[in-house]
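Predicted model, plus sequence, below.
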Amino acid sequence: QAMDSNKAVEAAVLNILYRELARKVRSQRDIDRGDGVISEYRMVLSVVLADGIIHPAEKMLVREYALKKSISAEAHEAILKELDWTIDEWDQGVKRQVWQL
């Protein structure tokens, strides 16, 4: 009802829905890419994350690689999750299990 009476509200809601749909499509496209870029990125991340500690130089290398290969933030987060890392752990530069020792 509110959307029927106010075109500005309707436009705002549709804009939000469109942006969310576009984000999901971009993320899925990144994950589904058949050119191996995502697989390569996953391999780079797995090597960097292997010891549970991310050195600032490693983080810079990963960021530069992601920029060069147009890896989205959504794809980055999805791969971190696949590798059993959270975005907070990534940001901190250490796996929780390592810093709890």
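Nice, I can see it. Keep in mind it's a predicted model, so treat the numbers as computed, not measured. Residues are numbered from 1 along each chain as shown.

all contacts plus neighbour counts: C-alpha atoms, from now on.
Noted.

Which strands or helices does the host helix or strand of residue 38 pack on?
For residue 38, the element it lies in under DSSP states H and E is helix 37-49. Contact partners of helix 37-49 among helices and strands, from 3 or more C-alpha pairs under 8 Å, 6 or more residues apart in numbering; DSSP states H and E: helix 56-68.

Now the helix it packs on: average pLDDT?
Throughout helix 56-68, pLDDT has a mean value of 93.

CA atoms only for it, dumped as CSV, please.
C-alpha atoms of helix 56-68 as CSV (Å, rounded to 0.1, in the frame of the first residue of the first chain):
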residue,chain,number,x,y,z
PRO,A,56,51.4,-7.6,5.2
ALA,A,57,53.4,-8.3,2.0
GLU,A,58,51.3,-11.4,1.3
LYS,A,59,48.1,-9.4,1.8
MET,A,60,49.3,-6.7,-0.6
LEU,A,61,50.2,-9.4,-3.2
VAL,A,62,46.7,-10.9,-2.9
ARG,A,63,45.0,-7.5,-3.2
GLU,A,64,47.1,-6.6,-6.3
TYR,A,65,46.3,-10.0,-7.8
ALA,A,66,42.6,-9.5,-7.1
LEU,A,67,42.6,-6.1,-8.7
LYS,A,68,44.5,-7.2,-11.7
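
quick one, it and helix 37-49 angle?
Put simply, helix 56-68 runs at 170 degrees to helix 37-49, going by axes from the mean of the first three to the mean of the last three C-alpha atoms, to 10 degrees.

got the angle for the helix or strand following helix 56-68 vs helix 56-68?
Downstream of helix 56-68, the first helix or strand assigned by DSSP H and E is helix 73-82. For helix 73-82 against helix 56-68, the angle by the same axes, to 10 degrees is 130 degrees.

Many thanks, have a good one.
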